[in-house]
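>>> Below is the sequence, then the predicted model.
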Amino acid sequence: MSGIRLAACAEMLYLDLDFVDRVRRIDERGLLVEIWDWSTKDVDALAATGAEFSSMTGYLTGDLTTPDGIAELLASAEASLPVAEKLNCPRLNLHGTGLGPEGLPVRPVEVVTPEMWLTAADTLAKVAELGATAGRTFVLENLNLAVDHPGTPFARAADTLALVRAVDHPNLRLNLDLYHAQIGEGNLIELVTEAFAYIGEIQVADVPGRREPGTGEINYRAVAQALRECGYDGVVAMEAWASGDSDAALDAFVSAFSE
């Protein structure tokens, strides 16, 4: 697909290798690399691989709406920026709240109030300013509530899009995860068309199972065509487990997004 760069998440592939070697393998495939929590990694060793990084987790703790949580999120977002600079990683990923073990929210929320929406937008505006100062972009990822992340506030793609639109800052964009969106909302082609102007990156995996394209119900070739028609020239990243061999999973991913 002309203009689009493909990436893969090192957290979910080549699991028989140590992490630095996973990064090397993805880089050898000619793909950009995504990582999650940088605080658990040897950042110097990752930088020494020469791999090109697409995104990394942009906070360690905190949330968008509570006083203590906001302070934690802003502090850990600021602490993430020197790591992004060392890795030359352009995008730092955020969620609606801090996630703990198994991806569950540290502070689950059942009802998101109007006041929480306003506070979240204000917090994200502050995060965007941090990104602008450092020359990096924070991206807000949608999640799903039904399978992986119950109790997460601002989880749906519609929620993340509403917040990014409200902040309207070039250093805050969407990390539009189509795996999560399929579970939570569906209608993916309409979604990418509506969200197009605010997308910083797109992540993909098939449903069910969160495995590579072609293993489930999503017609990623049709999604790819819709992206071509929109003129999307950003990153599409496979954040998926391999159904078998990691190289074969990446082959399927590349094939789905090739013309």
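Structure's in. What do you need? Numbering: from 1, shown residues only.

>>> Give me the helix or strand of the chain that scores worst on average pLDDT.
helix 220-230 (a mean of 95; mean pLDDT, DSSP states H and E).

>>> pLDDT weak spots in the stretch 151-259 of the chain?
Counting by pLDDT under 70, not a single residue of the stretch 151-259 of the chain qualifies.

>>> quick one on the thing from earlier: tell me the helix or strand right after the least confident helix or strand of the chain.
Going down the chain from helix 220-230, the next helix or strand is strand 235-238, by DSSP states H and E.

>>> which helices and strands does that following strand pack with?
Helices and strands touching strand 235-238, by 3 or more Cβ pairs under 8 Å, 6 or more residues apart in numbering; DSSP states H and E, are strand 5-9, strand 32-34, strand 53-57, strand 199-204, helix 246-256. Yep, even glycine has a C-beta here, placed from its N, CA and C like the rest.

>>> one more time with 10 Å
Secondary-structure packing of strand 235-238 (3 or more Cβ pairs under 10 Å, 6 or more residues apart in numbering; DSSP states H and E): strand 5-9, strand 32-34, strand 53-57, strand 172-177, strand 199-204, helix 220-230, helix 246-256.

>>> chain center to it, what's the gap?
Put simply, strand 235-238 sits 9 Å off its chain's centre (Cα atoms, centre = their mean, to the nearest Å).

>>> ok, that strand: who's next to it in the sheet?
Here strand 235-238 is paired, per DSSP bridges, with strand 5-9 (parallel), strand 199-204 (parallel).

>>> Now do the longest one and strand 53-57, the angle between them.
In this case it means strand 199-204. Computed by axes from the mean of the first three to the mean of the last three Cα atoms, to 10 degrees, the angle separating strand 199-204 from strand 53-57 equals 90 degrees.

>>> Give me the distance from strand 199-204 to the chain's centre.
Remark: strand 199-204 is offset 7 Å from the chain centroid, using Cα atoms, centre = their mean.
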